[in-house]
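J.: pasting the structure only:
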C-alpha cells in the first residue's frame, strides 16, 4: 500500500512540474506577440496580433490531429511516429500531461516563425504554415531526438544527440523555418527604418514586458525539460538548468551592450533596447542544449558568446543580404541555437571535451559529430519542407497580406534606386545606415 | 512514521497545486482589466482601472468577512453556510490553502461583472456590488454546488449537479450578474461605435495580452478545479482538464473566425481581433463544466459550439435589444456557460448520454435534468439578487459615474432619433451597422 | 528503499515550491518596470526600460560572483559569508535551487532602488550600483538575518531577528538604498507635476498591469519564504503567508482610498490610481515580516496601517523635503517595511505582545528590541554604504543621465524662484499643489 501511494506521489510530482511549467511556457505566446508589435509600424498591429492568436489556435489543432502522433507515436523506421493521431489510443489520462507539456513546446517553436514574417504574412498563409509546422515539421524533429525511438537518439543506430532543452530541436528548427519565410518574402520596407514617429509610444514598454515574460518562460522551459521530478537527480537537474538559464540570459545582455558600445558608437535608444533584449534571449537560446550539464561559469561563456553571435548574425543579415527580419527572429533563435548545439559537447561538465580528460576525448568528439549531424539533419529537413511550403503559398498568392504586396513592390523599387545611387562606404557606415 | 511523512507529503502536493494555481488564477484580474481598457474610449481609462483594482480589494474583504463562511461553512438547510465568517474557527492553517484557492475563484466571478459595466459604473456602485457578489451571491451558489453540503450536490436530496470548473457556478453566475448590470444601465454610446480615433493606439496589444493572460489563467483554473493532487486519479483529471481547456480555446477561436468570415464579410480589424479573442474565451468557458470528463474530440465540439453561441449572443444582443455590453462579457461568460452545463451530461466520456450506452441512459438524462435545474436555480437566484441591488443603487444615484449619466441621456436621445428616421433593413445590414 | 524515495520526494517538493515561486518572483521585474514607465514622461522611456533590463543582467552577475557567497557562505564573525564566491564549492546541484530562489529575492531588492531614480540615473551609474547592491549590500543583510550564521539570528549572540519575508531585509534595505539615491540626486522636475499631456496614453494600463504582476509576485514571494514544503507545518505556513498577503494588499488599497477621499478632496484620476496601487503594495510590504504568524484580522490591521503610513510618508516627502521619488519607491518599501518589522513582535499570534498573555510579555518585548536593533543595523549599514557609492558616482559624473543633468539644474533654478515668490498656504493647499 505504501508502494502504491509512493507511485501516486511520483506521478503527482511529475504532473505538477509539467503542467505548471507548461502554463508558464504558454505565457511565452504573449511574450512573442509583445516583442513583435513593439517592433513594427502602428498600421499593422491588428493583423499581427490576430495572427498571433490564430497561431495558437491553428497550432493546437495541428498538434492535436498530427503533431503528437508524429512526435511520440511508435516509430516507423526511426523517422516518424504514426500512431496517436488526434490523441487516439493514449494509455490513460496521465498521458495527457505529457501531451500538454509537449504542446507548449510546439507552440513556442511555431511562434518563433511568426517573428520573421511579422506584419507581412496574410492570415491564410499563417493558418497553413502554422498547421504544417506544428503538425509535421517540428514534431518530426522531436521524434528524431526526444521520443526515445528516433534515429538520432535511440538504440537504432546507437546515436545519442544531446540537446537538453532544444537549442537545435526548438530554436534552430523554428529559426530555420523563420529564415525560409523571410527569404521567400524578400525585401521589405523595414519597420525600424521608417521614421521614428511611426514607432508606437507604447512600443518600448511592450518590448520590455515581452522580454520579461519570455525570460520567465525560459526558466520554466529549460527547467521542465528534465521532464520529471520524482527520481533522484531530477531536482538537481531542474535547478541547474534554471540557474544556468538566468546566468546565460544575463551574460548575453551584458555581452551585447558591450559589443554595441564598442561597435555602434552612435545608436538610438530604441535600437539599443531591442538589441539588448534580443541579446539576453540569444544567450538563453544558446544555453538550452546544455543547461543541465554546463557549469555555471560555462553558462556565462555560452550565454555571452551566443549573444555575440546573435549580434553578428543580425548585422550580417542587414549588411550582406536583402533578407529582412524585423524582430531579429533568426538572429535570436537560429544562430545561437546552432551555437548552443555545437558548444554542448565541449561544455558538458562530466563528459565534455573541455572537462573529460584524456580518456574521454574519443567519446566527446564523437558526441560533437553526432550533434553536428543532428543539426545538419534538423536544419536541412526544416529548410526543405518550409521553403517548399512558403514558395507554394507565395505562388498561390496566399502568403502575403494585401498591404505587404504593395509595400514589397515599393521596397524592391526603392532598393534598386539606392543601389544605383550609392556606392559602398564600408562596414561601419553600412551598419549605421541600416539601423537608422 | 512513514505513514506520517506520507500524510505530510499529501498535504504538500495539494497545497502546491492550489496555491500555485491560485496565483495564476489571480493574474486573470490583470487579463480582465486589459481586455476592458482595450475595448473602451480613452477618456474613461483611469476610472476603469481604478475600479478593477478596487474590485480586488473589496472582493477580498467580501470573501473574508462573509463569502467563505457562506460558501463552505456548515450548512443551514443546504442553502447557505453560516459559520467561518471572517475566517473564524478554521481547523488549522492548512485550511487557508482552500480559502485562498476559492478566493481566487470568487475574484474571477466578480471580475466578469465589471466587463459589462466598464466605464459606466461609479466608484461607489462598484464597491457595493463587488462586496455583495463576492460576499453573498457567488458564495451561495458555491455552497449549493461545491461545498458538499448544498441542496444541489449532496445526500440531502440525492442530487449531484455536475460542473467541474464552473461553467455554471462561476461563469453563468458572473455572466447573469453582468447582464443585470447592463440591463439596469441601459443604452449607451457604444465604445466600438465611436470613431476609430477614439480607440487607443495600444488597445490591440492590451486586448491580446489580456487574452493570453486569461488563457493561461484558465489552464490553471480548470486544472486546479480537481482540488487535490495526492490521490490516484488526481493527476490524470488535472491533465485532462488542462488539455481539454487548450483544445476548447483553440477550437473556439477557429470556429469564431470561420463564422465571422462567412457572416460578416466586411469587418474592421479591431472588431475581428476582439471577437476572435472572445470566441477563444467562450470556448474555454463552455468546456469548464466537463473539462475533466470530456474526450479530447468532445472538447473540440464543446469549444467550437460554445464560441458560435457566443457569436450569436453577441450579435443578437446588438440586434434585438438595447442592452450594451461593450466587452461582450455576457456573450463570453453567460451564454457559453449555460451551454457548457447543458452539454456536460451529454459529453461525459463515461456516463454521458452520447457514451453511456442503453443501460446508462436513465441516469444520464436524470443528470441532464439536475444540471438544468441547477442552472435555472443559479441564474434565477443571481438575477433576482443582482437586479435588485443594481436597481436600488441606480435609484439611489450611486450606480452611474458622472460621465455615464450625461452619456446615457445623450444615447437615449440619439437612439430615439434613429428609430424615428430608420426603418429596418434586415439582418446583415443591421449587424454591419451595429458593428461599424 | 522507501526511506530513500521519501528523501527524494522531500527534495522534489521543496524544489517545486522554490523554483516555481522563484519564476513568479522574477516576473516582479516586469511589474517594477511597468510601474516606473507608467509614472514618468514619455521622453525617458527607452532609457528607463533599458536600465531595468540591465538591472537584471548586472544584478545576476553581482549575485553570482559575490552575493550568494556573502549571504550564505560560512560566516566570518557573523557579519559576512566568505566562501562560495562565483557559486564555487557548492555541495551538489540541489544547492542551486536555493541559489536561484535567493537570487530572485536579491533581484527584487535591487529593483526597488531603480524606482526612486527612475529616468535620472545614467546607464553607467546603474551598472555600478546594481552590482554593489546585489553583490554586497543586500547579501550582507541577508547573511545577518537569514543565513543561520548571522549575528542577528543565530546562536552567536542568542538573537533571533524575526522577519519572515523581508519587510526589513528586502524592503527596508532596498528602500533605504532608494532613499539615498533620491537624496544624492536631489530636486528634479517631477514627472507627475508636468502637464497632463506628457503622461503617456498607455500609462494607466501599464501601472495597473504592473500592480497585478507585483501582487501575484508577492503571493509567491511571501508564500515561498517558508523555504520548504516537505515538513509538517510547511504547507500551513505557506497558506497563511499567502492568504495574509492577499488580505493586507486589499486592506491597504481600501485604507488608501478612504484616506485620499477624506484628505485630498479634489484630486485627478491618474494620481488616485497610482496612490491606491501603491497603497496596496505598501500594505503587502508591511505584512511580509509577519505573514506566517499574523492572524487574518492582524493582516488587515497591518495592511491598512502600512498603507496609511505609505500615504503619510509620500505626502511628507513632498511637503517637507526636496527629495523627489517619482514612483514613491521609498513610500512603498521603506516606510511600510520599517512598520512591518516593528509590528511583528506585537502581531505574532503565538508569541506577540498582543497575544502572549502575561507570562510571555518579557520574551515578546525582547523580540521587539531585537527587531528594532536589526532594523537600525540594516538601515544604518545600507544607508552608509549606498550613500557613499551614490556620492562617489555623482562626483565622478557617472550617476546622472545627460538629460537629468540639464533638468536638475533647471529644477533647482525653478525651485529657488518659487521659494522667493510663494509663502506657505497650509497643509491642504500644499498637498494639492504638489500633486497637481
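T.: Yep, that arrived. As the structure is a computational prediction, the values presented were derived from the model and not from experiment.
J.: Give me the helices and strands touching the helix or strand containing residue A:283, please.
T.: Assessed by DSSP states H and E, residue A:283 sits inside helix A:269-287. If contacts are counted by 3 or more Cβ pairs under 8 Å, 6 or more residues apart in numbering or on different chains; DSSP states H and E, helix A:269-287 sits against helix A:203-224, helix A:234-263, helix A:296-320, helix A:335-347, helix C:45-62. (Glycine included, C-beta is placed from N, CA and C.)
J.: how about that helix: buried residues?
T.: Across helix A:269-287, burial judged by 16 or more other Cβ atoms under 10 Å in any protein chain shown covers A:269-270, A:272-287.
J.: need the helices and strands packed on helix A:269-287 in JSON lines with mean pLDDT, mean neighbour count and distance to residue C:217, can you?
T.: Shown next, in JSON lines, are the helices and strands packed on helix A:269-287 (pLDDT from 0 to 100; neighbours: other Cβ atoms under 10 Å in any protein chain shown; distance: least, Cβ to Cβ, whole Å):
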{"stretch": "helix A:203-224", "mean pLDDT": "95", "mean neighbour count": "27", "distance to residue C:217": "10"}
{"stretch": "helix A:234-263", "mean pLDDT": "94", "mean neighbour count": "26", "distance to residue C:217": "16"}
{"stretch": "helix A:296-320", "mean pLDDT": "94", "mean neighbour count": "23", "distance to residue C:217": "24"}
{"stretch": "helix A:335-347", "mean pLDDT": "97", "mean neighbour count": "27", "distance to residue C:217": "29"}
{"stretch": "helix C:45-62", "mean pLDDT": "91", "mean neighbour count": "25", "distance to residue C:217": "14"}
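J.: Adding distance to chain B, write those out as TSV.
T.: Shown next, in TSV, are the helices and strands packed on helix A:269-287 (distance: least, Cβ to the nearest Cβ, whole Å):
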stretch	distance to chain B
helix A:203-224	6
helix A:234-263	14
helix A:296-320	24
helix A:335-347	24
helix C:45-62	13
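J.: I'd like to know which of these is closest to residue C:4.
T.: Comparing those against residue C:4 with Cβ to Cβ, the closest turns out to be helix A:234-263 (13.9 Å).
J.: Tell me which residue of the stretch 201-350 of chain A lies closest to chain C.
T.: Nearest to chain C in the stretch 201-350 of chain A, going by Cβ to the nearest Cβ, is residue A:236, at a distance of 3.0 Å.
J.: Test my guess that that residue contacts residue C:99.
T.: No. The pair residue A:236 / residue C:99 is not scored as a contact, 11.9 Å apart, by Cβ atoms under 8 Å.
J.: residues in contact with the residue of chain A found nearest chain B?
T.: In chain A, the residue that lies nearest chain B is residue A:93 (2.9 Å; Cβ to the nearest Cβ). Residues in contact with residue A:93 (Cβ atoms under 8 Å, 6 or more residues apart in numbering or on different chains) are B:233, B:235, B:236, B:237, B:239, B:240.
J.: what ranges do the helices span in the stretch 301-436 of chain A?
T.: Along the stretch 301-436 of chain A, the stretches classed as helices by DSSP state H, counting those that start in this stretch are A:329, A:335-347, A:361-395, A:402-421, A:427-435.
J.: Please identify the most buried of those.
T.: Highest mean neighbour count of the helices of the stretch 301-436 of chain A: helix A:329, a mean of 30 (counted as mean count of other Cβ atoms under 10 Å in any protein chain shown).
J.: helices or strands up against it?
T.: Using 3+ Cβ pairs under 8 Å, 6+ apart: helix A:329 touches helix A:95-116, helix A:173-185.
J.: Could you export those as a markdown table, including mean neighbour count and distance to residue B:402?
T.: Output for those, formatted as a markdown table (neighbours: other Cβ atoms under 10 Å in any protein chain shown; distance: least, Cβ to Cβ, whole Å):
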| stretch | mean neighbour count | distance to residue B:402 |
| --- | --- | --- |
| helix A:95-116 | 26 | 44 |
| helix A:173-185 | 28 | 51 |
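J.: shaky segments in chain A?
T.: A:41-43, A:188-199, A:264-267, A:422-436 (pLDDT under 70).
J.: Need the residue closest to the centroid of it.
T.: Central residue of chain A (Cα atoms, centre = their mean): residue A:171, 3.0 Å from the mean position.
J.: I figured it hits residue A:336, correct?
T.: Yes. In this structure residue A:171 lies within contact range of residue A:336 using Cβ under 8 Å: 7.1 Å.
J.: JSON lines please, covering the helices and strands packed on helix A:329 and showing distance to residue C:211.
T.: Output for these, formatted as JSON lines (distance: least, Cβ to Cβ, whole Å):
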{"stretch": "helix A:95-116", "distance to residue C:211": "27"}
{"stretch": "helix A:173-185", "distance to residue C:211": "34"}
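J.: could the helices of the stretch 301-436 of chain A be laid out in a markdown table, adding distance to residue C:419?
T.: Output for the helices of the stretch 301-436 of chain A, formatted as a markdown table (distance: least, Cβ to Cβ, whole Å):
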| stretch | distance to residue C:419 |
| --- | --- |
| helix A:329 | 55 |
| helix A:335-347 | 56 |
| helix A:361-395 | 67 |
| helix A:402-421 | 56 |
| helix A:427-435 | 46 |
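J.: which residue packs closest to residue A:404, ignoring adjacent ones?
T.: residue A:120 (4.3 Å; Cβ to Cβ, 6 or more residues apart in numbering or on different chains).
J.: no wait, residue A:236
T.: In space, residue A:236 is closest to residue C:93, 3.0 Å off (Cβ to Cβ, 6+ apart).
J.: In terms of helices and strands, where is that neighbour?
T.: Counting by DSSP H and E, no helix or strand carries residue C:93.
J.: who's in contact with the single nearest residue of the stretch 1-150 of chain A relative to chain C?
T.: In the stretch 1-150 of chain A, the residue that lies nearest chain C is residue A:13 (5.0 Å; Cβ to the nearest Cβ). When contacts are counted by Cβ under 8 Å, 6+ apart, residue A:13 touches A:228, A:229, A:230, B:13, C:9, C:12, C:13, C:16.
J.: Just among those, which is most surrounded?
T.: Among those, residue C:12 has the most neighbours (other Cβ atoms under 10 Å in any protein chain shown), with 31 neighbours.
J.: Kindly provide the distance from that residue to chain A.
T.: Residue C:12 sits 5 Å away from chain A, taking Cβ to the nearest Cβ, to the nearest Å as the criterion.
J.: That residue contacts residue A:229, correct?
T.: Yes. Between residue C:12 and residue A:229 a contact is recorded at 4.9 Å, counting by Cβ under 8 Å.
J.: Overlap of the contact sets of these two?
T.: Residues touching both residue C:12 and residue A:229 (Cβ under 8 Å, 6+ apart) are A:13, A:235.
J.: and the gap between the residue lying closest to residue A:246 once chain neighbours are set aside and residue C:367?
T.: Counting by Cβ to Cβ, 6+ apart, residue C:60 is the residue found nearest to residue A:246 once chain neighbours are left out, at 5.7 Å. Distance of residue C:60 to residue C:367, given as Cβ to Cβ, to the nearest Å: 35 Å.
J.: Report the contact partners of residue A:99.
T.: A:68, A:87, A:90, B:239, B:243.
J.: correction: residue A:58
T.: Residue A:58 neighbours (Cβ under 8 Å, 6+ apart): A:126, A:127, A:130, A:131, A:134, B:250, B:254.
J.: For the fifth one, give me its contacts.
T.: I take that to be residue A:134. Per Cβ under 8 Å, 6+ apart, neighbours of residue A:134: A:58, A:59, A:60, A:62, A:63, A:67, A:106, A:107, A:109, A:110.
J.: Secondary structure class of it, three-state.
T.: What DSSP: H, G, I helix; E, B strand; the rest coil gives for residue A:134 is helix.
J.: Please apply the same query to the third one.
T.: The local conformation at residue A:130, judged by three-state DSSP, is helix.
J.: right, and it touches residue A:52 too?
T.: No. Counting by Cβ under 8 Å, residue A:130 stays clear of residue A:52, with 10.3 Å between them.
J.: tell me the SS of the closest residue to residue A:164 other than its chain neighbours?
T.: Excluding the flanking residues, the one nearest residue A:164 by Cβ to Cβ, 6+ apart is residue A:292, at 4.8 Å. Under the three-state scheme (three-state DSSP), residue A:292 adopts coil.
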